[in-house]
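okay, structure incoming, though there's no sequence with it:
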């Protein structure tokens with residue numbers, strides 16, 4: 001079973017349609033939609049209706065002018081999808097992707113509710129801005145879910161992380177550039193959640209502005225942060241270029257009670273890399289607003305005169 005929505009007359013039209021006719025209408029009639037297979041929108045087609053939507057298969061918006069807007073209800077998609085148009089959900093409602101890999105090829109500004117990444121599902125928003133005009137939208141990565149925030153920039157409104165978030169080129173170091181994940185609202189870290197930063201190469205520079213100080217992936221939270229998350233770094237190079245202040249990886253501009261912990265100790269060549277939370281990026285005072293990768297010399301007993 002599948003539904004193909006083609007641009008044309010609205011489903012509000014009073015014109016009768018034969019029972020065996022292919023659906024060739026923009027859907028605007030308010031009703032619950034349940035599809036046990038896939039839903040595909042062809043060029044110029046729109047779904048804009050009230051009621052819950054359940055799609056067992058995939059939702060493919062094949063063209064930039066497609067719109068799939070769900071009002072006064074929740075939406076659930078079971079398989080990986082390609083989203084080249086706009087999707088939308090009302091505040092207080094949830095639009096969830098629950099399996100496979102879904103890729104957003106276009107910025108999204110109609111997600112006023114919660115965009116959920118279910119367990120076992122992956123959402124790729126690389127290079128995209130997922131921010132609504134009201135500031136109510138939440139990107140919720142469920143336990144077992146994965147968010148890929150790659151590209152040079154990716155921007156979301158509020159981010160609730162109970163799963164895995166890969167920042168910049170954390171998955172593929174080369175030839176992809178490092179990137180910046182901006183959270184315009186609040187970040188909340190859940191038990192067992194992880195932020196992946198991939199490869200960090202120190203440059204010997206202090207971070208002025210925040211994006212300098214090393215070749216690294218960076219997350220900036222413009223409002224508040226709370227909860228706790230693990231930090232995972234795949235590789236550290238040019239350790240001798242790490243300044244006393246360290247390399248900034250996470251910066252919270254508002255109030256922060258966020259705790260970040262390395263997912264596993266990383267020691268290489270007599271250097272143990274750790275994380276230090278500070279009260280800001282302009283102070284060495286301890287706190288939870290600015291989190292730095294630092295190195296601490298671990299004496300090598302086989303080389304008493306070893307260098308830090």
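Looks like it came in fine. Everything quoted here is computed from the prediction, not taken from an experiment. Residues are numbered from 1 along each chain as shown.

model confidence over the strand ranked longest in the chain, on average?
Longest strand in the chain, counting residues (DSSP state E): strand 225-237. For strand 225-237, the mean pLDDT works out to 92.

which other helices and strands contact it?
For strand 225-237, the packing partners by 3 or more CB pairs under 8 Å, 6 or more residues apart in numbering; DSSP states H and E come out as strand 187-189, strand 194-202, strand 247-252, strand 259-262, strand 266-268, strand 271-278, strand 290-297. (Each C-beta comes from the backbone N, C-alpha and C, glycine too.)

which one of these has the most crowded surroundings?
The highest average neighbour count among the helices and strands packed on strand 225-237, using mean count of other CB atoms under 10 Å, belongs to strand 247-252 at a mean of 25.

now do the longest strand of the chain and strand 271-278, the angle between them.
150 degrees (axes from the mean of the first three to the mean of the last three CA atoms, to 10 degrees).

list the buried ones in strand 225-237?
Judged by neighbour count using 16 or more other CB atoms under 10 Å, the buried positions of strand 225-237 are 225, 227, 229, 230, 231, 232, 233, 236.

what's the most distant pair in those residues?
Maximum pairwise distance among the buried residues of strand 225-237 (CB to CB): 25.5 Å, between 227 and 236.

shaky segments in the protein?
Where the chain drops to pLDDT under 70, the residues are 1-29, 206-208, 211-214, 266-270, 296-308.

list the contacts of residue 78.
55, 56, 57, 58, 98, 99 (CB atoms under 8 Å, 6 or more residues apart in numbering).

the last one touches residue 120, doesn't it?
I take that to be residue 99. Yes: with contact defined as CB atoms under 8 Å, residue 99 reaches residue 120; the gap is 5.9 Å.

who's more crowded, those two?
Neighbours per residue, other CB atoms under 10 Å: of residue 99 and residue 120, the larger number sits with residue 99, 18 against 13.

which residues touch that one?
78, 79, 80, 118, 120, 121.

over to it: give its phi and psi.
Backbone geometry at residue 99, expressed as degrees, to the nearest 10, gives phi -170, psi 160.

same thing with residue 241?
phi -100, psi 0.

and for it, the neighbour number?
Applying other CB under 10 Å, we find 13 other residues in the vicinity of residue 241.

just the element for residue 96, please.
strand 94-97 (DSSP states H and E).

give the other helices and strands that that strand contacts.
When contacts are defined as 3+ CB pairs under 8 Å, 6+ apart, strand 94-97 packs onto strand 75-77, strand 86-89, strand 114-117.

what do you get if the cut-off is 10 Å, keeping everything else the same?
Here strand 94-97 touches strand 67-71, strand 75-77, strand 86-89, strand 114-117, strand 121-124, strand 138-141, going by 3 or more CB pairs under 10 Å, 6 or more residues apart in numbering; DSSP states H and E.

of all the ones you listed, which lies closest to residue 170?
strand 121-124 (12.4 Å).

right, and the helix or strand after the closest one?
Next helix or strand after strand 121-124 toward the C-terminus (DSSP H and E): strand 129-130.

list of residues touching that following strand?
For strand 129-130, the surrounding residues in contact (CB atoms under 10 Å, 6 or more residues apart in numbering) are 104, 106-109, 111, 115, 123, 137, 139, 149, 153-157, 159, 182, 184.

just the buried ones from these?
104, 108-109, 111, 115, 123, 137, 139, 149, 154-157, 159, 182, 184.

of all those residues, which comes closest to residue 217?
residue 149 (9.0 Å).

give me the element the residue lying closest to that closest one once chain neighbours are set aside is part of.
Among residues not flanking residue 149 along the chain, residue 181 sits closest, at 4.4 Å (CB to CB, 6 or more residues apart in numbering). Per DSSP H and E, residue 181 falls inside strand 180-183.
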